[in-house]
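> Need the 3D shape of this:
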Amino acid sequence: MNKFVLFAKTLRQVGSSRIFNQPRFISSLNTSSFKINSDAKIDQKRFIKTSCCMHEAERAVGKSEKYEFLAETKQLLNIVAKSLYSDKEVFVRELISNASDAIEKLKYAQLTSDQEVDGQIPFEIQINANDMNNTLTIQDTGVGMTKDELVKFLGTIAHSGSKAFIENLSKNAENGQNSIIGQFGVGFYSAFMVADKVQVFSKSYKETEQAFEWSSSGDGSYEISEAQGVTRGTKIILHLKDDCSEFSKDEVIRKIVNKYSNFVGFPIIVNGDKINLIQPIWLEDAKNVTEEQHEEFYKFLGNMDKPRYTFTYKTDAPLNIRALFYVPTFKPSPMEISQEGDIGVSLYSKKVLILSKANQILPRWLRFIKGVVDSEDIPLNLSRELLQDSNLIRKLRTILTQRILRFLNDEAKYDEEKYMQFYSDYNLYFKEGIYRAADQNEKEEIASLLRFETNKTEPGKTISLNEYVKRMKADQKNIFYYSAPSREIALNSPYFEAIKQKDHEVLFLFEQYDEMVALQLFQFKNKQLVGIEQENLADKNKDDIIIEGDSRSLTNDQAKELKDWLKTTLSNKIKSVKITNKLDIHPCIITADNMSFLRHLIKTSYMQREKVSDFFNLVNLTLEINPKNGLIKSLYELHKKDPDLSKAVAEQLLDNSLVTAGLVEDPRLVLSNLNSLLEKAFTRKFCGFK
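Numbers count the residues shown, from 1 in each chain. Below is the predicted model:
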């Protein structure tokens, strides 16, 4: 029989793990004579490499003793093992965290006890995924456990050795930062989600202590027996269920370890390869982290571009926080901006991943931020998958949001050109933040990042709201804005003409939803944001009167006659007609209370074609006419001579004013009146009418 076939058959019969740890058996085979493909060679090398790193010499000896779980029942064990965790793969995180804690305890014992520790055994965590035996083995070189400790820590559900260890540390006057991860004592039992039997071989670091094997099928009882061939530390062997066999595959375990436990403070070796190579750079001094390290870590987080901004934040009060944030270089698409995506920040606790998408620790509008937040103060539920204590989480979110806003404001001052490129790509997120935020202070902090052109800036140049407030006149009480599609339209608007005499600086809102943002913001630095239409409406000086001695204007009697006629003719759309002396060039404007809100109603599809009449019945629109304008004076003359044509002209003037006011969402709605007016005008011309 071919030697390789015989070798493979032997593996299936006796189990690869038992053979791989006998190097002399492997070397005795003339593997060079095997005619095997390249894939088999790769597997062979991997197995041989693994055998050098994890030995399988442990075995139980003597008679075993059977115990019942001391604290809880079989039902509670089933709850912990089968219902507590939302995702089965987290058992790997839990067991690695326990292994890390065991090594931390041993390091502490080295400092505080006279017991010598074998320095030849490295501090590391070994993992062997054996898909042929359908097992997963996790071994640490930590403190190990005595028989009594096996009973105490593994035989009692929800009894955490780590928690007791931390409590003991807290009583020590020299207590400082600790790296113990476990808190609840249930993580070990997550193994029963995927395993129908769990074996634990453990040997305490204390030289006089015997090694033991602990085993259970998760049925409410366990057995303990003495063991031989056990090195210092703990080895957990999971005999996987048939429907959980994927956890015996090398590539699956590597992916899970990289996801949850990549930053554990000790080497993690999977089937012979150290895989936790990326360092937790958020814990290091920011000055010592290179740009290349940031780029490497940024890509580890799943990003393809390079970070545009990098921001590190550390504090111990009022909460322990270690945060590292990135702003991407890429420009988000409109679809990405509009989607209710997850927060791009991962939550860690003591370098162990808790949530890959931590939607509770940053407001949703900051979803473009990438990075990590690590905090020992995060309140977690029993499975360490959900956040508890909403007040503490709100405090954390507030602190992080404020720091991000402060960082972006500082960057805007430091490099305005770079910030404006960033602002061009991401300003919609800021506006969403103002719209979503419930707290006025937060709204104003976000608003400080906004940039606007004004009537006093050069085209293309912008200022912040802080700059606007500094430039306000001494007697100016409000911040003025005007919503228009472009600078040219804004500067040539009748509303801007009406306020131009006061020489106020006016913010130009060019983007579609800027006006709603202004309404939501409402005020900034105790200055109310007011649309210039509203300011014109509030200005009662020389309102609805004809200036005496102005030969360019209609007389009082003529103006009154024209107002009465217009009110009757246009009564289906307006409530009143007034004289205005604020205009010089334009013939008329529409005014109303809360013009910005009316435009919002239209943009939110209220004013549909079938509801146009309802809209005009609900709002009080006033048509203000300029008695000096030639068109208005001609209309006065025309309404006596040709009522039909003059009515068409009046309706078109009103439509023009509605379009200028932004109260017509679809300009095509006014085309019928315009066509009717042109037809009547040309008919009069060709028929000899003047």
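
> how much space between residue 249 and residue 61?
From residue 249 across to residue 61, the span is 32 Å (Cβ to Cβ, to the nearest Å). (Glycine included, C-beta is placed from N, CA and C.)

> backbone phi and psi for the most centrally placed residue in the chain, please?
Centroid-nearest residue in the chain, with Cα atoms, centre = their mean: residue 343, separated by 1.9 Å. Here is the backbone geometry of residue 343 (degrees, to the nearest 10): phi -60, psi 140.

> Now do the contacts for it.
Neighbour list for residue 343: 357-359, 361-362, 364, 366-367, 369 [criterion: Cβ atoms under 8 Å, 6 or more residues apart in numbering].

> ok, now residue 485?
Residue 485 neighbours (Cβ under 8 Å, 6+ apart): residue 510.

> That one: what secondary structure?
Using DSSP: H, G, I helix; E, B strand; the rest coil, the structure places residue 485 in coil.

> From residue 428, how far off is it?
Using Cβ to Cβ, residue 485 is found at 17 Å from residue 428.

> low pLDDT regions in this protein?
1-55, 70-86, 157-186, 379-389, 539-543, 604-613, 684-690 (pLDDT under 70).

> Which helix runs longest in it?
Longest helix in the chain by number of residues (criterion: DSSP state H): helix 390-414.

> Mind listing residues that contact that helix?
Residues contacting helix 390-414 (Cβ under 8 Å, 6+ apart): 309, 311, 313, 315, 318-319, 321, 323, 325, 360-363, 366, 369, 373, 375, 377-379, 387, 418-419, 422-423, 442, 445-446, 448-449, 464.

> Would you mark the buried spots in it?
Neighbour-count burial for helix 390-414 flags 392-393, 396-397, 399-401, 403-405, 407-409, 411-412 (criterion: 16 or more other Cβ atoms under 10 Å).

> Among the contacts of residue 343, which one sits closest to residue 633?
Residue 633 lies nearest to residue 364 out of the contacts of residue 343, by Cβ to Cβ, at 56.1 Å.

> Could you identify the most distant pair in the buried residues of helix 390-414?
The two members of these with the most space between them (Cβ to Cβ) are 392 and 412, at 30.9 Å.

> on that earlier part again, give me the buried entries from the contacts of residue 343.
Burial by neighbour count, judged by 16+ other Cβ under 10 Å, picks out 358, 361-362, 366-367, 369 from the contacts of residue 343.

> Pick out whichever of those residues sits closest to residue 468.
Set against residue 468, the nearest of these by Cβ to Cβ is residue 366 (24.6 Å).

> what's the spacing between that closest one and residue 455?
With Cβ to Cβ as the criterion, residue 366 and residue 455 are 32 Å apart.

> before we move on, what about residue 335?
From residue 335 to residue 455 the distance is 34 Å (Cβ to Cβ).

> Just want to know which of those two has more residues nearby.
residue 455 (18 against 7; other Cβ atoms under 10 Å).

> so how far is residue 249 from that one?
67 Å.

> can you check residue 482 too?
From residue 482 to residue 249 the distance is 63 Å (Cβ to Cβ).

> Check residue 109 too.
To residue 249, residue 109 is 36 Å away according to Cβ to Cβ.

> Quick one: neighbours of residue 490, just the number.
Using other Cβ under 10 Å, the number of residues around residue 490 comes to 22.

> Would you mark the buried spots in the helix or strand in which it is found?
Element membership of residue 490 [criterion: DSSP states H and E] is helix 487-491. Of the residues in helix 487-491, 487, 490-491 count as buried by neighbour count, 16+ other Cβ under 10 Å.

> isn't residue 93 right up against residue 261?
Yes - contact criterion Cβ atoms under 8 Å: residue 93 and residue 261 qualify, at 5.7 Å.

> any shared contact partners between these two?
Common contacts of residue 93 and residue 261 (Cβ under 8 Å, 6+ apart): 352-353.

> Tell me the secondary structure at the closest residue to residue 229 other than its chain neighbours.
Once flanking residues are discounted, residue 229 sits nearest to residue 57: 3.4 Å by Cβ to Cβ, 6 or more residues apart in numbering. State at residue 57, reduced to three classes by three-state DSSP: coil.

> before we move on, what about residue 341?
Per three-state DSSP, residue 341 ends up coil.

> so who does it touch?
Residue 341 neighbours (Cβ under 8 Å, 6+ apart): residue 367.

> for residue 648, same thing?
By Cβ under 8 Å, 6+ apart, the contact list for residue 648 reads 673, 676-677, 680.

> ok, of those residues, which come out buried?
Using 16+ other Cβ under 10 Å as the burial test, the contacts of residue 648 include 673, 677, 680 as buried.

> Save those residues as JSON lines, and put in distance to residue 236 and secondary structure too.
As requested, these are arranged in JSON lines below (distance: Cβ to Cβ, whole Å; DSSP: H, G, I helix; E, B strand; the rest coil):
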{"residue": "673", "distance to residue 236": "82", "secondary structure": "helix"}
{"residue": "677", "distance to residue 236": "87", "secondary structure": "helix"}
{"residue": "680", "distance to residue 236": "92", "secondary structure": "helix"}
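
> and which of these is nearest residue 496?
Scanning the buried ones among the contacts of residue 648 for proximity to residue 496, where the rule is Cβ to Cβ, the winner is residue 673, at 25.5 Å.

> quick one, what contacts the closest residue to that closest one other than its chain neighbours?
The shortest distance from residue 673 to any non-neighbouring residue, by Cβ to Cβ, 6+ apart, is to residue 651 (5.1 Å). By Cβ under 8 Å, 6+ apart, residue 651 lies in contact with 569-570, 673, 677.

> what do you get for residue 566?
Neighbouring residues of residue 566 by Cβ under 8 Å, 6+ apart: 574, 577, 623, 625, 650.

> Helix or strand: which one has the second one?
Which is residue 577. strand 576-579.

> buried sites along that strand?
Using 16+ other Cβ under 10 Å as the test for burial, strand 576-579 gives 577-579.

> Also stretch 545-553?
Under 16+ other Cβ under 10 Å, the buried positions of stretch 545-553 are 546, 553.

> Distance from it to the middle of the chain?
With Cα atoms, centre = their mean, to the nearest Å as the basis, stretch 545-553 stands 61 Å off its chain's centre.

> So what touches that stretch?
In contact with stretch 545-553 (Cβ under 8 Å, 6+ apart) are residues 554-556, 559, 579, 581, 627-628.

> just checking, which of those belong to helices?
Using DSSP H, these in helices are 556, 559.

> any idea which of the contacts of stretch 545-553 is closest to residue 666?
Among the contacts of stretch 545-553, residue 579 lies closest to residue 666 (Cβ to Cβ), at 30.9 Å.

> thought the closest one was touching residue 624?
Yes - Residue 579 lies in contact with residue 624 (Cβ under 8 Å); the separation is 7.2 Å.

> Just list the residues touching residue 514, thanks.
Listed by Cβ under 8 Å, 6+ apart, the contact set of residue 514 reads 431, 483.

> and if we set it to 7 Å?
residue 483 (Cβ atoms under 7 Å, 6 or more residues apart in numbering).

> re the thing from before, could you check how many residues crowd around the residue nearest to residue 229?
By other Cβ under 10 Å, the residues close to residue 57 number 10.

> and what of residue 439?
9.

> shift numbering so it begins at 455
Yes, from this point I'll number from 455; that puts the last item at residue 893.

> For it, give me its contacts.
Applying Cβ under 7 Å, 6+ apart to residue 893 gives no contacts.

> quick one: contacts for residue 798?
By Cβ under 7 Å, 6+ apart, the contact set of residue 798 is 821-824.

> typed the wrong thing, it's residue 917
Contacts of residue 917 (Cβ under 7 Å, 6+ apart): 905-906, 908, 911.

> With secondary structure, neighbour count and distance to residue 678 added, can I get the residues you listed in a markdown table?
Shown next, in a markdown table, are those (DSSP: H, G, I helix; E, B strand; the rest coil; neighbours: other Cβ atoms under 10 Å; distance: Cβ to Cβ, whole Å):
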| residue | secondary structure | neighbour count | distance to residue 678 |
| --- | --- | --- | --- |
| 905 | coil | 19 | 69 |
| 906 | strand | 20 | 73 |
| 908 | strand | 22 | 79 |
| 911 | coil | 16 | 79 |
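
> Brilliant, that's me finished.
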